[in-house]
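Student: Kindly generate the corresponding structure for this input.
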Amino acid sequence: MFSSSEISRRRFIQSASLISAASLLPGLRFAYGSATAPARKPLEEFSYADVVLDSDPHEKQLAETHELLMNLSEDSLLKPFREMVGQPAPGEDLGGWYEFDPHNEDHLFDVGFAPGATFGQWVSALARSYAINRSPETREKVLRLNRLYAKTIGGGFYEKNRFPTYSYDKLVCGLIDSHKYAGDPDAFAIMDETTKAALPYFPKHAVEHDHVWRLDKTDPSWTWDESYTISENLFLAYQRGAGEQYWALGIQYLDNLYYDPLAEGRSDLEGRHAYSHVNSLCSAMQAYLTLGSERHLRAAKNGFDMIAAQSFATGGWGPDEILRAPGSAEIYKSLTGSHSSFETPCGSYAHFKLTRYLLRVTGDSRYGDSMERVMYNTVLGAKRLEPDGRAFYYSDYNFKGRKVFHAQRWPCCSGTLPQVAADYRINCYFRDEQGVYMNLYIPSTLRWTQGGSQIELTQKSAYPYDEQVLFEMKLSHPAEFAVSLRIPAWAEGASVAVNGKREPATAGSFARVVRQWKNGDRIELELPLGTRLEAIDSQHPNVVALLVGPLVLFAITETEPQVTRGQLLATKKTGPQKWEVATQAGPLKMLPFTSIGEEQYSTYMRVG
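Tutor: Below you'll find the model as predicted:
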């Protein structure tokens, strides 16, 4: 363990050296000015502990991933780090992508593709889980892993790693979360040592996918690092008190060649790696929140719009992990040409972060709509992460789709799924000085203080399978504040009732109710779950998905169904999470993604 004097000295020396290096970068400070707050005060997140979920699928995903991480062998977790810096490395290899194999180019995507890369994400997920469950065993695991990792810090890990900045970014995420959520007093000192060891093996600025920057490596896979995504966590490190060096590094690795066209409203997405470039838009949002850069906010907003324009009905994007041009026929072609439609846990993690940032900054309900769509139709229906490293990676939107594990063990999505499972809580509610915003309608209880009153708000519903959502208030004493409820854009005819008095609500907005709330007050939200069809694109209007409310209904079929628009729109609910379409060939079973197991399904259908 580091002593307090070592921590102070090391952080001071590292901070001074990095700030000095940053000052040599032309225009570094003058380009953005000092770190200033954005003009509009963003909505605030609630803490993980403020929200208690009462939803079986959400809680099951968290419990399963948390139990798996708690039971992973610590020697196995540290083995690639120890091997790559030449230390004794007892224990069994985890295998798959996580294992270190110096001859990986011989079997590129099998063993050793990204050794140790998910370690930081798993530490992050454990720290977030501790913020939820306050389990001493969880915190002890976080602190123990950080200290074991600290003994392995060295340049060999980065010199031998095709993903040096990617792996560093995940380690930074784990350490700043350990500091904030698990109260690790040594986390920042460990991060400073990590930074000092890593920087000599980084490019000097953000380098795009498929661009050569290590001249000693000829295999193309050594051009797949993601230095253009790391600014988000560097800015977060600065915001959380880790030091100005992370502010400087955050600016150094902003990929402005990518952001500039987006800020001007020009598409710059086609052909780019999907998940990592959506993730990089979160760095643009942090550039706005940390530096006050309106240009980066425009880039993120325009980037989101361009991604939405090429998304599937599920909200997923990036077939074969490649973004397409808005309006391109490539999305349609993927329905028969690919089973790798959306990189689900990683993609949903980036999507949730981006929509959470945009919702907080703009107050626009459509970002909550998008978050909700991705949640129900992709990651909440993912196959569970298995202890042997089998992981759900792609959602399959082919006409003959199935849920399958990734071909290799411990891929990148095994790192993000545990983080996604913890983050459902912080996606549900937000607040400002005037009150609270209801974003996701998940059975839950929110506790907070407003105007000196201790408030408990409990949300009850079977949504999205039922139209009614009920909120019950408990207050220590009456308090006046605003309650803003997200009304999805599809929810025509929605209404809100307070203590039985009902008023219409406008679809595609937040319905705002300001009053003095008292103990026992009730809010009833009604969101009509009408059916609708969404075409894959404008060039193929007869290839459609069926939606009910936020849910895509998937056709459970071994052969392509013969069905009409009228038949789809007349679908009938036959059970709590089952629907049926009457066709001339007989009933066609329709299920939401969370209810699909091993069946073959089709996301889209051709209509007569």
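
Student: give the contact list for Leu69.
Tutor: Residues near Leu69 by Cβ atoms under 8 Å, 6 or more residues apart in numbering: Trp122, Ala125, Leu126, Ser129, Lys141, Pro418. Yep, even glycine has a C-beta here, placed from its N, CA and C like the rest.

Student: any idea which element the first one lies in?
Tutor: Think Trp122. Counting by DSSP states H and E, the element that carries Trp122 is helix 119-133.

Student: Which elements pack onto that helix?
Tutor: On a contact count with 3 or more Cβ pairs under 8 Å, 6 or more residues apart in numbering; DSSP states H and E, helix 119-133 meets helix 56-71, helix 74-84, helix 136-150, helix 164-182, helix 413-428.

Student: mind giving me the domain ranges of the chain?
Tutor: Split into domains by automatic domain parsing, the chain comes to 1-34+72-243, 254-428, 433-526, 531-606.

Student: Name the stretch among those domains that sits most buried.
Tutor: A comparison of the domains of the chain by mean neighbour count, using mean count of other Cβ atoms under 10 Å, puts domain 254-428 on top with a mean of 22.

Student: from the chain's centre, how far out does that domain sit?
Tutor: Domain 254-428 sits 8 Å away from the centroid of its parent chain (Cα atoms, centre = their mean, to the nearest Å).

Student: same question, stretch 146-162
Tutor: Here stretch 146-162 is found 26 Å from its chain centre; the criterion is Cα atoms, centre = their mean.

Student: Next, the distance between the ends of it.
Tutor: End-to-end distance for stretch 146-162, by Cα to Cα, to the nearest Å: 23 Å.

Student: By mean pLDDT, point me to the weakest helix or strand of the protein.
Tutor: Counting by mean pLDDT, DSSP states H and E, the chain has its least confident helix or strand at helix 28-32, which shows a mean of 35.

Student: Mind checking what helix or strand follows it in sequence?
Tutor: strand 44-45.

Student: for the stretch 51-200 of the chain, which spans come out with low pLDDT?
Tutor: Counting by pLDDT under 70, the stretch 51-200 of the chain contains no low-confidence residues.

Student: do the same with the stretch 201-350 of the chain
Tutor: Counting by pLDDT under 70, the stretch 201-350 of the chain contains no low-confidence range.

Student: Partner strands of the strand or helix carrying Arg486 and their direction?
Tutor: Following DSSP H and E, one finds Arg486 within strand 479-487. Sheet pairing for strand 479-487, assigned by DSSP bridges, gives strand 435-438 (parallel), strand 509-517 (antiparallel).

Student: which one of these lies closest to Glu137?
Tutor: Closest to Glu137 of these is strand 435-438 (Cβ to Cβ; 32.6 Å).

Student: Next SSE downstream of that closest one?
Tutor: strand 444-450.

Student: Rounded mean pLDDT for the helix or strand following that next one, please.
Tutor: Beyond strand 444-450 in the direction of the C-terminus, DSSP H and E gives the next helix or strand as strand 453-461. Model confidence over strand 453-461, given as mean pLDDT, is 98.

Student: CA atoms only: put strand 453-461 into CSV for me.
Tutor: The C-alpha trace of strand 453-461 is given here as CSV (Å, rounded to 0.1, in the frame of the first residue of the first chain):
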residue,chain,number,x,y,z
SER,A,453,-38.4,17.6,3.2
GLN,A,454,-37.3,14.0,3.1
ILE,A,455,-39.1,12.4,0.2
GLU,A,456,-39.7,8.8,-0.9
LEU,A,457,-41.3,8.3,-4.3
THR,A,458,-42.3,4.7,-5.2
GLN,A,459,-43.0,3.8,-8.8
LYS,A,460,-45.3,0.8,-9.4
SER,A,461,-46.2,-0.7,-12.8
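
Student: still on that earlier bit, with distance to Thr65 added, can I get the domains of the chain in a markdown table?
Tutor: Listed next are the domains of the chain as a markdown table, based on distance: least, Cβ to Cβ, whole Å:
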| stretch | distance to Thr65 |
| --- | --- |
| domain 1-34+72-243 | 7 |
| domain 254-428 | 4 |
| domain 433-526 | 17 |
| domain 531-606 | 16 |
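
Student: Those domains: which one's closest to Leu43?
Tutor: Smallest distance to Leu43 across these (Cβ to Cβ): 4.3 Å, for domain 254-428.

Student: Find the centremost residue of the protein, please.
Tutor: Centroid-nearest residue in the chain: Tyr349, 1.4 Å away (criterion: Cα atoms, centre = their mean).

Student: what's the spacing between it and Ala585?
Tutor: Using Cβ to Cβ, to the nearest Å, Tyr349 is found at 40 Å from Ala585.

Student: Over to Gly566?
Tutor: With the distance defined as Cβ to Cβ, Gly566 ends up 15 Å from Ala585.

Student: next one: Ser414
Tutor: Distance from Ser414 to Ala585, counting by Cβ to Cβ: 41 Å.

Student: Redo the helices and strands packed on helix 119-133 as CSV? Include distance to Arg532.
Tutor: Shown next, in CSV, are the helices and strands packed on helix 119-133 (distance: least, Cβ to Cβ, whole Å):
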stretch, distance to Arg532
helix 56-71, 24
helix 74-84, 47
helix 136-150, 43
helix 164-182, 38
helix 413-428, 24
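
Student: so which helix or strand takes in Met473?
Tutor: Using DSSP H and E, Met473 sits within strand 468-475.

Student: let me fix that: Met590
Tutor: Element membership for Met590, per DSSP H and E: strand 586-591.

Student: and whatever helix or strand comes next after that strand, what does it pack onto?
Tutor: Next in sequence after strand 586-591, counting helices and strands by DSSP H and E, comes strand 601-602. Using 3+ Cβ pairs under 8 Å, 6+ apart, the elements in contact with strand 601-602 are strand 551-556.

Student: what sits up against the strand it packs on?
Tutor: With Cβ under 8 Å, 6+ apart as the test, strand 551-556 has contacts from 313-314, 376-377, 401, 464, 545-547, 561, 571, 579, 581, 588-593, 596, 599-603, 605.

Student: my read: Gln239 touches Thr290, true?
Tutor: Yes: between Gln239 and Thr290 there is a contact at 6.4 Å, judged by Cβ atoms under 8 Å.

Student: Make sure Ala287 is actually in contact with Leu234.
Tutor: No: contact criterion Cβ under 8 Å: Ala287 and Leu234 do not qualify, at 10.5 Å.

Student: can you list residues touching both of these two?
Tutor: Listed as contacting both Ala287 and Leu234 by Cβ under 8 Å, 6+ apart are Gly250.

Student: give me phi/psi at Gln584?
Tutor: Dihedral angles of Gln584 (phi, psi; degrees, to the nearest 10) stand at phi -60, psi -30.

Student: Setting aside sequence neighbours, what's the nearest residue to it?
Tutor: Of all residues not flanking Gln584 in the chain, Gln562 sits nearest, at 6.7 Å (Cβ to Cβ, 6 or more residues apart in numbering).

Student: looking at it, that neighbour is touching Leu588, isn't it?
Tutor: No: under the criterion of Cβ under 8 Å, Gln562 makes no contact with Leu588, lying 9.3 Å away.

Student: Need the overlap of contacts for these two.
Tutor: Residues touching both Gln562 and Leu588 by Cβ under 8 Å, 6+ apart: none at all.

Student: before we move on, the earlier item: per-residue confidence for the residue nearest to Gln584?
Tutor: Looking at Gln562, its pLDDT is 92.

Student: for it, what are its contacts?
Tutor: If you count contacts by Cβ under 8 Å, 6+ apart, Gln562 has them with Thr583, Gln584, Ala585, Gly608.

Student: from the residues you listed, which two are the most distant?
Tutor: So, these by Cβ to Cβ: farthest apart are Ala585 and Gly608, at 12.5 Å.

Student: can you tell me how far Trp579 sits from Leu546?
Tutor: Computed as Cβ to Cβ, the Trp579 to Leu546 distance reads 8 Å.

Student: and for the two, which residues touch both?
Tutor: Taking Cβ under 8 Å, 6+ apart as the contact rule, Trp579 and Leu546 both touch Leu553, Thr571, Met590.

Student: quick check, nearest of these to Ile153?
Tutor: Using Cβ to Cβ, the shared contacts of Trp579 and Leu546 come closest to Ile153 at Leu553, 50.1 Å.
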